[in-house]
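>>> mind looking at a prediction? Sequence and model below.
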Amino acid sequence: MAPSLEKRAEQLRKAAATFKKKHPDRVAANAQAQKDRRKRRRIEDAPVSSSGQASFSEQASSSGSQGDTSSSGAVSHPSPTVQPQTRPYLIRAPTFPPVDLLSDVVGTQVDQSAETITWPNGWESVLPVGMKNGVNVLKADAERVQWLADPKNAVPADRSSVKYLAREAYQDNKSLIEDIRYLNAYNYTVVQNLG
């Protein structure tokens, strides 16, 4: 390093040490925030199996990943086995059957000419409408619903703040409640299937 870079690096080290001494609470809070971000990323990036379940583990990922060695010293590749699922047991978001949301509303609760919107899943619903002196006073709400229904504004499933738990994978309610609390602590909304 050039002398000026060494001098600057030393200044930065001293400044960091001084900051740590003056603000140990902020340093600890920053370290905890980084730890929480890593845990949240681990939850978000949990792999989902072909059966629809996702899992992640507190255990080291190296367990069970080494092959057997024969007497000749060659490493044989391990047979492909399904890793046991670990808590929390995440599943993909369920798909819902089509539902008629218009026939009981259009022409009875709202005017026959009311605007409708088609959602990404194929459902159709009426845009908010509230007429007062010939003006839709819910125009801002209707625009918001149109924005929500636009597929380009949708959050990808892997980055969704909603996590679905496989109820049938839990042996007892205590474990289920622990996992719900764990996910809630990271600001996830938790939905359990009734399987």
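Cool, got the structure.
>>> tell me the domain ranges of this structure?
Per the record, the chain has its domains at 42-55+87-93+161-195, 116-153, by automatic domain parsing.
>>> tell me how many other residues surround Asp141.
A total of 14 residues lie near Asp141 under the criterion other Cβ atoms under 10 Å. All C-beta atoms are positioned from the backbone trio N, CA, C, and that covers glycine.
>>> if we can go back for a sec, so which of the domains of the chain is nearest Leu102?
domain 116-153 (5.6 Å; Cβ to Cβ).
>>> buried sites along that closest one?
Ile117, Trp123, Val126, Leu127, Pro128, Val129, Asn136, Leu138, Ala142, Val145, Ala149 (16 or more other Cβ atoms under 10 Å).
>>> quick one: the strands in this structure?
Along the chain, counting by DSSP state E, strands occupy 53-54, 90-91, 116-118, 124-126, 131-132, 135-136, 162-165, 189-192.
>>> list the strands paired with the last one, with their directions.
Each strand pairing with strand 189-192, determined using DSSP bridges, is listed with its direction: strand 162-165 (parallel).
>>> can you give me how far the strand it pairs with is from the chain middle?
Between the centre of strand 162-165 and the centre of its chain there are 8 Å (Cα atoms, centre = their mean, to the nearest Å).
>>> coming back round to it: please convert the strands of the chain to TSV, extending it with mean pLDDT.
Converted to TSV, those look like this (pLDDT from 0 to 100):
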stretch	mean pLDDT
strand 53-54	48
strand 90-91	82
strand 116-118	90
strand 124-126	90
strand 131-132	86
strand 135-136	88
strand 162-165	88
strand 189-192	90
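>>> tell me which of those sits nearest to Ser175.
strand 162-165 (10.4 Å).
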